[in-house]
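> After the sequence you'll find the predicted model.
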Amino acid sequence: MATRESLTARLLRIEGLPISTVLLLLVAVFMLVAPEVFLSYRIYMSFLANGAPLLVLAAGLTLLIAAGEIDLSFPSVVALSGWVLAYCIHQHEAPWLGLLLALLAGALVGFLNGVLVARVGIPSIIATLATQFLWGGITTVLSEGLSYSLSDIDELLVWKLLVGRIGPLPVQALWAVGLTAWLWLVLNRRRFGEHLLFIGDNAKVAEIVGVNTRREKTRAFVLMGVLGAFASVLLTLENQNFFNTQGAGYLLEVMAAVFIGGTSVFGGKASMVGTVAGSFIIVMVEAGIVATGVQGFWVRAVVGVVFLAAVVGHMLIEGPGKGITRVRLLRGKFGLNQGERS
Amino acid sequence: MATRESLTARLLRIEGLPISTVLLLLVAVFMLVAPEVFLSYRIYMSFLANGAPLLVLAAGLTLLIAAGEIDLSFPSVVALSGWVLAYCIHQHEAPWLGLLLALLAGALVGFLNGVLVARVGIPSIIATLATQFLWGGITTVLSEGLSYSLSDIDELLVWKLLVGRIGPLPVQALWAVGLTAWLWLVLNRRRFGEHLLFIGDNAKVAEIVGVNTRREKTRAFVLMGVLGAFASVLLTLENQNFFNTQGAGYLLEVMAAVFIGGTSVFGGKASMVGTVAGSFIIVMVEAGIVATGVQGFWVRAVVGVVFLAAVVGHMLIEGPGKGITRVRLLRGKFGLNQGERS
Amino acid sequence: MPHSLPATPARDEQLFQHIVRLERVDMTFGRVQALSQVDFEVGRNEIVGLIGDNGAGKSTLIKIISGVLRPTAGTVWVRDQRVDPSSYSVRRAHDLRIETVHQTQSLGEKQPLWRNLFVGRQIVGRFGFIDVKKEKEIANQLLRKAIGFRGQGITAESTVRDLSGGERQGIAIARAMHFQADLIVLDEPTTALAVNEVRKVLSFIEGAKSGGRACIYIEHNLAHVHEVADRLVILDRGKVVRDVKKGELSLAELTSQMIALHEGHGDGHA
Amino acid sequence: MPHSLPATPARDEQLFQHIVRLERVDMTFGRVQALSQVDFEVGRNEIVGLIGDNGAGKSTLIKIISGVLRPTAGTVWVRDQRVDPSSYSVRRAHDLRIETVHQTQSLGEKQPLWRNLFVGRQIVGRFGFIDVKKEKEIANQLLRKAIGFRGQGITAESTVRDLSGGERQGIAIARAMHFQADLIVLDEPTTALAVNEVRKVLSFIEGAKSGGRACIYIEHNLAHVHEVADRLVILDRGKVVRDVKKGELSLAELTSQMIALHEGHGDGHA
Amino acid sequence: PARAEDKIGAGITMYFQMGGNPGDGATLPRTNGARAAAAALGVTLKEQYSGWQPETMLSQFREALAASPGCIEIMGHPGNDAFAKLVADAEKRGIVITSGNSPLTKLKDQYVGSGFGYAGVDLYEGGKLTAQKMIEYGKLKKGDKALEYGLRAQAERGKSDQGLYDTLVAAGLQVDYIEISPEVDHDSSLAVPIISAYLLKHPDLKAIGTQHGNVTAFIAKALKDAGKKPGEITVGGIDLSPATIDGLKKGYVSVTLDQQLYLQGFLPVMQCALSKKYGLSGLSINTGAGVVTPSSIGALAPLIDKGIR
Ligand SMILES: Nc1ncnc2c1ncn2[C@@H]1O[C@H](COP(=O)(O)OP(=O)(O)OP(=O)(O)O)[C@@H](O)[C@H]1O
Ligand SMILES: Nc1ncnc2c1ncn2[C@@H]1O[C@H](COP(=O)(O)OP(=O)(O)OP(=O)(O)O)[C@@H](O)[C@H]1O
Ligand SMILES: [Mg+2]
Ligand SMILES: [Mg+2]
C-alpha cells in the first residue's frame, strides 16, 4: 500500500503525464480505427502545420490563466497582426518590417489589456472581451474587409525560416515547440513565472510577499499579445493568405486545449506540458473522427464525448477516487474543484 | 468628508445602482443621437421581445457564476429544447407536451452537467464545453439539420401565454422579468442562494459550515438547464421558427451581460440587478449604434468602445479611485480584481 | 434546522455514557499518516483537553468528529450509537448537536458577518425565505454582548475580509456560543483574542460544563487547558501517547512532559 | 535581492537613531478610522511590544510600516530618512531590511513550501533562472533546524494547503528568521505554535536584540511581551494611549491596565 | 438494384467541404445532395464543416490530403494562391480535386484535364441577379434608400454581397452597408433588433438586400417588429429556409436567390466518381437557377421542408 502510494506519487510528479497518456491512447485508438490515415506520417505533418499557431496561443494563455487572468482578445490579435504583416508584404514588399510591426501590434494590444486590467482594475474577462470587439472591428476597417493573397512569399527568407519545410517537417512546429519549452522555463524557473503563480494563487498574499502584481500582470498581457501576433504570423505565412476573419475560430479551441491540459481555471497552478498535450488532442480530435468515417452530423457529438473521456481518463489516471475523502482529497490536490481556491 | 463617504456608501448599498446608471446614460445618449428611433416605443418593444431569452439565460448563469461555476452548454440547450418543442408542434401538434419535454430536456442536460462537475469533479468550464459539443451535435442529428417553420402557431394558447402581446408589450418580457425577480429572491433570500454564494466564496468553508456543496451545485446546474430550455421556448415561439444553430450566438453575449453587470468571475458575489442592466446594455448596444448611423465595418469596433466605456463608467460611479490605497481598497471591496479571492 | 434550541430527544434521554467515541481510527492523506489507531472518547459532561505538538493530528482528529473528514479506518460512536460513515457529515453533526470552532478558515471572506453566523442554520420564515432582519438583529447582539467587540469597523453588515484577526476568531466563537450544543469542539479558540476575550472563552467553556454539556478543547497554552480541562489527552505524531485525569498531573509536570516529548524524539523523523 | 546577508551601507553606518518612525499617521478604510494621529517610533536596537484590544489597529499600523498599506495621512521615516509614500512598497521595505511576519495569510496555498520561503527573494543563477535545488535544500534545513517540525506531512515539497495551522505559522516565521533584517516585525507570531516553538520564537527575538537589531512584537499574551519587550506601546481604537519603558510597569499592572481599558469604555461605541 | 461493388463509385473515398456548420440553411441541401450522390454511386463520403472559416478550410484540406483519399472537394473561399501548392501536391499524388460554391478559376483551368471541376454560382453574379430582380420587383428608382446587410469582410463569400451592393448603387440607389456580426452570423435571430432599429432610423427605406441565408429568414420578423407592412419594403435575400418561404408567402420577402445548393453537393461527388473511374475531365456547372419570388414559391415548399431546395 505505502509503496504503491509512493509509486503513484512519484509518477504524478512527472508533469502532465496523465494527460499525455490520454493523448497517446487517443492516437492508438485512431490508429486502430483508421490505420490508412493514422499510420502514415502525412497526417502528423498536417497536424504539426495546423497546430503550431494553436500551440503558441495555448502556451501563452496558460501563463495568464496561471495568474488568474484570461485573454479573450487574442483572436483579434491574430487578425490584426496578420493584416499588418500582409499589408507590409502585399503593399510594400517589406516582410521583415511587417514581421516587426505585427509583433509590435500584438504587444500594443497586450499592453492596453494590461493597463485596463492591472491599472484600471477591470476584470480581464470583460476587458479583453471588449478589446476583442474593438481590435477585431478595427482590423476589418483597416483592411476594408478585404483579404490579401500573398502568392509567392514562399520564396522569401522569412517564410522559409518560419514556416518552411525540412523534408516533410513544417518548420513552424519547431518554433512552436521551442517557444513552449521556453515558456515552461519562464513559468517554472523564472521569477516572473513564480510571481504569476502567486498572483493567481492569492493576489493579496502576492502583494504581501513583495510581488509587484500590477507590473507582472501587465507584462503577462504584453507577452500574450506578442505570442498572439507570432501565432498570427505563422498562420498567415503558412496560408500565404490573410483573411480578416482569421483567428475567430481559435477562441474556444485554445481555451479547451489549456483546460484539458489540467491548468486550473482559478489560477495558481498550471501545466505547460498538459497544455501541449491538450493542444494536440484538440488539433487531432475532429480530423481523427472524420477519418474514422463517423457521419457528418455526429462528428460534433463525438468530439464532445472524446473531450469528456479525455478529462475523466486524466482524472482516473491521476488517482482512482476511492471513497469520498480520497476523492475530495484528490480533487483538492489536483485542483479539479473549487476547493483549491481556499 | 465623513458624510460624503457615508452618502456614497449608502447609495452603493442599492444593488446594481452604478451599472443601472450607466444603462440610463447609454439610453440617454442614444435618445440624443437617434431620437427618431429611441423616442418611439417600438424599439423598446423590439428589445423586450428579443432580449427576453437573453435575460433569462443571463439571470440563470448569474447563479452559477456566484457559485464559482460556469455553464458553456446553454447554447446547445437552446438548440436542443427548441428542437424538442418544434418537433412536437410540427409533427404531432402537441405544443403543451412539447413545452414539458423541452423543459425536461433542459433539466436533463443540466443534471448531466451537475453530475460531471459536482460528482465526478471535472472543472465546469471544460465539462460544459464538452457537453455543449455533445448536445449541439445530437440536436443536429435529431433534426437531421432541418429547420422547422412554425408559421401559424400564433393561434395557440401556449404562444399567446408565453410570447403573445398585451397591446404592444411582448408577454415574454413579463416572464423574463418575473423570473429574474424570483431568481433575485433565490440568490439573496433562500438557503439555496446563500449556499451558492458560500460555495463560490470558498468551497472548503462551505463544507465546514455544513453546506452540501455537491447537492447544491447539481441543483444549480439543473436550474440553469431548465432556464436555458425556457429561454429556448421563448425564442422558438417568438421566431415561429426553429433552426438548429439557434443559441450559438448567445454564448458571448450572455457572459458579457453577466460580467458587465458586476458579478465576480471568481464567485462569492453576484448582482442580479446588475445582470438585468447588463443584459439590456448588450441587447441595445449594436442596434443603438446602428441607429446612430454608424456604418459598415465600424459597428463592431464601436461596440467594443461602448463596452469599455460602460465598465469604466461603472467603476468610476462605484468610487472615484483616488490614490493607490483607495483604488486597491475599492477594487478589493467591489471585487474588481483578484484580491477578492483571498 | 431551527436556530433556537429544540427539545431534541437526544437532549432528554441523557442515558448515554459517551457523547462521542472513536475506536482505532486511522487517517491517511496520500502518504501522510495523520492519525493511526486512535482511541478517543468524551464523557457526557466532560471537558477534554487535547494537546500535542504542531502537526500531531489534533485538528485532523476533531475534523473527523465534526464530520469534515471521513476516517480511512476505524469507527465513530455518537451518544453510544455507531454512526454510518457514508451518511455522516457536518450537517449531521449539527443535528446531533455537535458544534465546532475550527482552526482553519471557517468564514466566507466576501460574505457579510450576519450571513456567516447563520449559514447552514438560517432563520427562515413561513415560506422558507431567510429572515434577514432577525438574523442581523441577533448578529448585532452577539457582537456587542457575547464577544463585546469595540473595534471601529465591525457591524453585522461588515464583510469578513475587512475584519481584524481577532474579530474573525471572535465571530467563529460567537457562532458556536449561539448554537449551544451538547458537545462543543474548540480548536485553539483563543488564537488572536485579546486578554478579555480569552477570559470570556474560558468562562464559556466552564459554563458549558455546568450546563451539563461536554467540550473538546485544543490549546497550546498549557496553563489554559490545565485550568479548565477534566481530562488531558496528549497526541503525538498521530498516536495517543497519554490520557490522564486532571488531578494526576500538575501544570509543571505537564509542561516538562510536553517538552520531553519533543526533545525525546529529536529530529529522528524526516 | 540576494538571499544572503550583503553588507549594505545601511548596516554599516549605524548613525541613525530610529530604525522607523511614524508621525501623525491616519488610516481610514471607507468610514472606518483604523488609525488616527498615531506617533510611533522604534529605536535602532530596541524591542517594542505593541499591544491592544482586538481591532485596536495594531496590524494596520505594522502593515503601513511594512509597505502593504499606504497611510491616508502622516509621514513615515526609516533610518531617520523620510520615505516617499508613492514609491514605498513591500519590496522597498525588504531592501531597507525590514522583515515582517503578518497575522493575515501570507503563504500561497497552492504553492510548495520552498517557493513560499523564497518568493520575492528567489535564489537565481547566472542567467536569472531560479536555483530550485538550492532553494529546496535551504528550505529543508530551515524546517528541521530553525523550527524543528516533527509533523508527518511536512517537507520542502509539501503544499501549504496541506499543512497544519502551526506548521503554516512556522513557515512564515522561518522565512523571517532566514532573511535576517535590521527591523523584524512580528504580528502575533506565536499563534498556533506549540510550547517548544514558542520558546524558539522568544529566544529568536532576544537573539535579534543582542545581534544589534530591532523588533516590533505584537502579542496578546501579556506575559510573553512583558518578558521580552524593552518598551510597551498600548493602542486603543486607533490611538496610542500609553507608551512606557518596561521597568515602569509590572506584568500585573499591565494586565489590570488592559482590562481597565476594556471595561472603561464598555460598549459605548457602536 | 446493382450490388455495391458494381457502382462506379465503389471503393472511392471522397473528402467534401460542406461550408458552414452542420445543418445551417446555407449548408444542409449541399450535404443532402452529396449524401444522395454518394449513396447512389457507392462513394464513401467524409464531410468537413468549416463554419465558413477560410483558414479552417485550408487546415481541413491539409488533413484531407494527409488521408490520401480518392477525391477531395474544396471551396473557393481561401483563394487560388492559398490552395496552389496543396493542390499541386494532390494532383502529383493522383488525388482528384474539384471545387464548389465559389470558383477557383486559375486552378480549374490548370487541372481541368484531371477532373478539377466547379459546381456553384458565380457569387458576384448571384448578388447582381438578386439586386436586378429587387429593382424590377420593387420598382426601385434612382435616389431610393436601400440597406445592404452582409458579410463583405469574409473572403469570397462576401462577393455576392458586393455584387448586390454594386448593382443597387449602379442603379442610382442610395445604399447603406452594415456588416453582419459574428454573433448574428451564428444565430441570425439576433439580427432582428438591429434591423428594426435601422428601419426606425430610416422610415423612408425602400429596400433591404442580404446574401446571408439565415438573416434572410429573419428579415420578415424585423419588418413586423418595426411595424412595416408586407411589400412596403423590397427585400432581396438568398436561399430557401422554411422561414424565408413564409416570408415569401406573406409577402415580406420579395426575391430570394436560389443557388440550388443540392446540386453543389450532388455534382462534385458525381464528378469525383467519373473522373476517378474514367478519367473524365472537370465540368463547370453554374447551379444558379435564378431567383424565387412569391409567385413562384408554391411548388418548392415541400422539397424545402425536406432540405433539398
Ligand atoms: N489535507 C492534507 N494533506 C496532507 N497532509 C495533511 C493534510 N492535512 C493535514 N496533514 C498533515 O497531517 C499532520 C497533522 O495535521 P493537523 O492539522 O491535524 O495537526 P495539528 O495537531 O492540528 O497541528 P497544529 O497544532 O499545528 O494545528 C500534519 O503533519 C499535516 O501536515
Ligand atoms: N480593509 C479594511 N476595511 C475596512 N475595515 C478594516 C480593514 N482592515 C481593518 N479594518 C478595521 O480596522 C480595525 C483595526 O484592524 P486591525 O487588523 O489593525 O486590528 P488589530 O489591532 O490587528 O486587531 P487584532 O488584535 O484582532 O489583530 C478593525 O476594526 C477592522 O475591522
Ligand atoms: Mg491544528
Ligand atoms: Mg491584528
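Cool, the structure landed. Ligands and ions are numbered 1, 2, ... in the order given.
> Could you use CA atoms for every contact and neighbour count after this?
Will do.
> And the strands in the chain?
Using chain A. All strands of chain A, identified by DSSP state E, fall at A:148-149, A:165-166, A:169-170, A:241-242.
> that answer is for a different chain, and I need it for chain E
E:13-19, E:44-49, E:71-75, E:96-100, E:118-120, E:145-150, E:174-179, E:205-209, E:234-238, E:255-258, E:284-286, E:290-292.
> And those: which comes nearest chain B?
strand E:174-179 (4.0 Å; Cα to the nearest Cα).
> is chain A contacted by the closest one?
No - if you take Cα under 8 Å from any Cα of the partner chain as the test, strand E:174-179 misses chain A, and the best it gets is 9.3 Å.
> what does that strand rub up against?
B:295-297, B:299, E:142-153, E:165, E:168-169 (Cα atoms under 8 Å, 6 or more residues apart in numbering or on different chains).
> Kindly recompute the last result at 6 Å.
Here strand E:174-179 makes contact (Cα atoms under 6 Å, 6 or more residues apart in numbering or on different chains) with B:295-297, E:143-151.
> Neighbouring strands - and their directions - for the host helix or strand of residue C:51?
Of the helices and strands defined by DSSP states H and E, residue C:51 is found in strand C:47-52. Note on strand C:47-52: by DSSP bridges, its sheet partners are strand C:214-218 (parallel), strand C:231-236 (parallel).
> Just want the angle from the next helix or strand after that strand to strand C:47-52.
Next along the chain after strand C:47-52, taking DSSP H and E as the criterion, comes helix C:58-65. Taking axes from the mean of the first three to the mean of the last three Cα atoms, to 10 degrees, one finds helix C:58-65 and strand C:47-52 inclined to each other by 130 degrees.
> does any bit of helix C:58-65 sit next to ligand 1?
Yes - using Cα under 6 Å from any ligand atom, helix C:58-65 reaches ligand 1 at C:58-60.
> and of these, the nearest to ligand 2?
Nearest to ligand 2 among the residues of helix C:58-65 next to ligand 1: residue C:59, at 22.3 Å, using Cα to the nearest ligand atom.
> what residues are up against that closest one?
Applying Cα under 6 Å, 6+ apart, no residues qualify as near residue C:59.
> let's see 8 Å
Counting by Cα under 8 Å, 6+ apart, residue C:59 makes contact with C:102-103, C:187, D:164.
> Turn those residues into JSON lines, including pLDDT.
Below are the contacts of residue C:59 laid out as JSON lines (pLDDT from 0 to 100):
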{"residue": "C:102", "pLDDT": "94"}
{"residue": "C:103", "pLDDT": "91"}
{"residue": "C:187", "pLDDT": "94"}
{"residue": "D:164", "pLDDT": "88"}
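> restrict those residues to those near chain E?
Residues of the contacts of residue C:59 in contact with chain E (Cα under 8 Å from any Cα): none.
> Tell me which of the strands paired with strand C:47-52 is the most buried.
strand C:214-218 (a mean of 26; mean count of other Cα atoms under 10 Å in any protein chain shown).
> quick one: contacts of that strand?
C:19, C:42-51, C:58, C:182-189, C:205, C:208-209, C:225, C:229.
> from those, which ones fall inside strands?
C:19, C:42-43, C:47-51, C:183-187.
> who wins for most neighbours among the residues you listed?
In terms of neighbours by other Cα atoms under 10 Å in any protein chain shown, these top out with residue C:183 at 29 neighbours.
> Could you tell me what pLDDT the model assigned to it?
The model reports residue C:183 with a pLDDT of 94.
> got a list of what it touches?
C:19, C:97-99, C:213-216.
> returning to that earlier point: need the strands paired with strand C:47-52 in CSV (columns: mean pLDDT).
Converted to CSV, those look like this (pLDDT from 0 to 100):
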stretch, mean pLDDT
strand C:214-218, 95
strand C:231-236, 94
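> picking that back up, just the closest of the contacts of strand E:174-179 to chain C, please.
residue B:297 (42.6 Å).
> I'd say that closest one and residue A:140 touch.
Yes - the pair residue B:297 / residue A:140 is scored as a contact, 5.9 Å apart, by Cα atoms under 8 Å.
> just to revisit the earlier point, can you convert the strands of chain E into JSON lines and add a column each for mean neighbour count and mean pLDDT?
Output for those, formatted as JSON lines (neighbours: other Cα atoms under 10 Å in any protein chain shown; pLDDT from 0 to 100):
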{"stretch": "strand E:13-19", "mean neighbour count": "27", "mean pLDDT": "92"}
{"stretch": "strand E:44-49", "mean neighbour count": "24", "mean pLDDT": "92"}
{"stretch": "strand E:71-75", "mean neighbour count": "28", "mean pLDDT": "94"}
{"stretch": "strand E:96-100", "mean neighbour count": "30", "mean pLDDT": "94"}
{"stretch": "strand E:118-120", "mean neighbour count": "27", "mean pLDDT": "91"}
{"stretch": "strand E:145-150", "mean neighbour count": "24", "mean pLDDT": "92"}
{"stretch": "strand E:174-179", "mean neighbour count": "19", "mean pLDDT": "91"}
{"stretch": "strand E:205-209", "mean neighbour count": "24", "mean pLDDT": "94"}
{"stretch": "strand E:234-238", "mean neighbour count": "29", "mean pLDDT": "92"}
{"stretch": "strand E:255-258", "mean neighbour count": "26", "mean pLDDT": "90"}
{"stretch": "strand E:284-286", "mean neighbour count": "19", "mean pLDDT": "88"}
{"stretch": "strand E:290-292", "mean neighbour count": "21", "mean pLDDT": "80"}
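> Up against chain E, what does chain A have?
Applying Cα under 8 Å from any Cα, one finds that chain A approaches chain E through A:36-38, A:40, A:42-43, A:46-47, A:50, A:140, A:144-147, A:149-151, A:239-241, A:243-246, A:249, A:287, A:290-291, A:293-297.
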